[in-house]
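S.K.: Could you work out the structure for the sequence below:
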Amino acid sequence: MPTGTSSWTSDDLPSFAGRTVVVTGANSGLGRIAAGHLARVGAHVVLAVRDLDRGRTAAASMDGDTEVRRLDLADLSSIREFADAWSGDIDVLLNNAGVMHVPEGRTADGFETQFGTNHLGHFALTDMLLPHIRDRVVTMSSLLHRMGSIDLDDLNWERRSYNRSAAYNQSKLANLLFSLELQRRLTRSGSSVRSMAAHPGYAATNLQSRTDNRLLDAAGAIGNRVIAQSAEAGAWPLLFAASRELPGGSYVGPSQLMESRGHPALAGRTAAASDLDLAEKLWEASTTLTS
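M.R.: Now for the predicted structure:
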């Protein structure tokens, strides 16, 4: 763990004055918290959100320089429109938005909803924005990547019987593999841009109660009240990864109780999440799907 991080909180954020940060899914949950703190310390924060009204409401609650732009990660045309409209530099891209344990469904482009939104949407967005990025890309993963596996022959659940939990776990493992392969490619090209990943541990957010399943929503609500750490603490690893001088490829999560809660520190990966061959194959498949 990096020296001096044992009590790090959002209060320890350095100044972001003069820097631009794009946060996906910034109208609620961890994204909204992270965006608010970054605006507070001087960043120009772009809230990249699907619902502009909710995004404007979130931005109005923040102290600082904010902007709201529409982005639907479940629609490649929306991602292209967002990227094509961009001009100027981006210092930090926070790939935060996601869906969790939702029923079987398809994105606008026919991808399985969780894989399409959580991984492919951010994969395409990062690729299109990369010429503008000057410092780093931070991609949100999950503890549940540890239970995930990648089926390169059926990434979109067209042959397998659908399992919402397994689909989510696959998407979160994909996030880590994407972050790993992105760093490998950046290093190979001689770029100074860094790719990092983070996870929030078990944090109380609205994700756990938006599954469209009453039993899962109820269980998530109970877990949020009894077990989970606060959403504020859940946002710390994302903010830590966005602001600390860490090497490319770093993965940050909570430091206590098997990474479920606590102050941010470097986190552990499974063997699958460290598999360079799998990361490259997933990249190639993702490129084919999103081209």
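
S.K.: Tell me, please, where in the stretch 1-150 of the chain the pLDDT is lower than the cut-off.
M.R.: Residues of the stretch 1-150 of the chain that meet the criterion pLDDT under 70 lie in 1-5.

S.K.: Show me where it has its helices.
M.R.: Counting by DSSP state H, counting those that start in this stretch, one finds helices in the stretch 1-150 of the chain at the ranges 29-40, 52-60, 76-84, 113-114, 122-129.

S.K.: Please render those as CSV that adds mean neighbour count to the earlier fields.
M.R.: (Glycine included, C-beta is placed from N, CA and C.) CSV is the format used below for the helices of the stretch 1-150 of the chain (neighbours: other CB atoms under 10 Å):
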stretch, mean neighbour count
helix 29-40, 26
helix 52-60, 16
helix 76-84, 17
helix 113-114, 24
helix 122-129, 22
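
S.K.: Kindly reformat the ones you listed as a markdown table containing distance to T107.
M.R.: As requested, the helices of the stretch 1-150 of the chain are exported to a markdown table (distance: least, CB to CB, whole Å):
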| stretch | distance to T107 |
| --- | --- |
| helix 29-40 | 19 |
| helix 52-60 | 19 |
| helix 76-84 | 8 |
| helix 113-114 | 6 |
| helix 122-129 | 11 |
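
S.K.: Let me know which of those is the nearest to A265.
M.R.: Using CB to CB as the criterion, the shortest distance between A265 and the helices of the stretch 1-150 of the chain is 17.5 Å, found for helix 29-40.

S.K.: What is the closest one packed up against?
M.R.: In terms of contacts (3 or more CB pairs under 8 Å, 6 or more residues apart in numbering; DSSP states H and E), helix 29-40 is packed against strand 20-24, strand 44-49, strand 65-70, helix 231-243.

S.K.: can we see that at 6 Å?
M.R.: strand 20-24, strand 44-49, helix 231-243 (3 or more CB pairs under 6 Å, 6 or more residues apart in numbering; DSSP states H and E).

S.K.: Which one of the ones you listed lies nearest to D63?
M.R.: Nearest to D63 among these is strand 44-49 (10.9 Å), distances taken as CB to CB.

S.K.: relative orientation of that closest one and strand 65-70 in degrees?
M.R.: 30 degrees (axes from the mean of the first three to the mean of the last three CA atoms, to 10 degrees).

S.K.: ok, back up a step: indicate which one of the helices of the stretch 1-150 of the chain is closest to L13.
M.R.: With respect to L13, and counting by CB to CB, the nearest of the helices of the stretch 1-150 of the chain is helix 29-40 at 5.9 Å.

S.K.: Could you tell me the angle between the closest one and strand 65-70?
M.R.: Going by the same axes, to 10 degrees, helix 29-40 makes 140 degrees with strand 65-70.

S.K.: Help me confirm that T20 comes into contact with L93.
M.R.: No - between T20 and L93 there is no contact, the gap being 9.6 Å when judged by CB atoms under 6 Å.

S.K.: Neighbour count for the two, which is higher?
M.R.: For T20 versus L93, the count of surrounding residues by other CB atoms under 10 Å is larger for L93: 28 against 22.
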